[in-house]
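Asks: Give me coordinates for this.
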Amino acid sequence: MPASPQIAHIGIAVPSIAAALPFYHDVLGLEPGPPEEADGSRIVSLGLGGSAVELLEPLTPESPIGRFLARRGPGIHHVCYRVPDLDQALAACRAAGYDLIDQTPRFGAGGHRIAFVHPRTTAGILLELTE
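Replies: Just a heads-up that it's a prediction; the model follows:
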């Protein structure tokens, strides 16, 4: 039987990682990983069991996270599911009529292959798929 999907991480859009980090570090005791940059954002990952929380800070107002913050303010940006086979998952999405933002996988933070599914076809939640 193939491995079941898991929550890889939850992406949280914040105006400032420095301002958001004390809650996760000082209160929850989570250790931040080194900052990375991807898709016009600075990203800090905090391990949480077998999953993670990613704090996403825009590098420019025009970046996807910058636009998200301008429209909606800070909060959950996306949920990322780890799937056993990303190409197969994208084919299943296409066959079922889901609107893909990424038709083919690309590389995201940590060098992981990723693809996003548009929230208009996933009950308003931006979903990221990764292996």
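
Asks: From now on I want contacts and neighbour counts done on CA atoms only, so please keep to that.
Replies: Fine.

Asks: where exactly do the strands run in the chain?
Replies: Using DSSP state E, the strands of the chain run over residues 6-13, 36-38, 41-48, 51-58, 75-82, 106-107, 113-117, 127-130.

Asks: tell me how far the last one is from the chain's mean position?
Replies: Translated: strand 127-130. 7 Å (Cα atoms, centre = their mean, to the nearest Å).

Asks: For residue 47, give the beta-bridge partners.
Replies: Beta-bridge partners for residue 47, by DSSP bridges, are residue 52.

Asks: That one and residue 30, how far apart?
Replies: Here the criterion is Cα to Cα, to the nearest Å. By it, residue 47 lies 7 Å from residue 30.

Asks: Relative to residue 99, which of the strands of the chain is closest?
Replies: Among the strands of the chain, strand 113-117 comes nearest to residue 99, with 6.1 Å by Cα to Cα.

Asks: residues of the closest one that come out buried?
Replies: 113-117 (16 or more other Cα atoms under 10 Å).

Asks: got it, and stretch 101-111?
Replies: Neighbour-count burial for stretch 101-111 [16+ other Cα under 10 Å]: 105, 109.

Asks: Not counting residues beside it along the chain, what's closest to residue 59?
Replies: residue 41 (5.0 Å; Cα to Cα, 6 or more residues apart in numbering).
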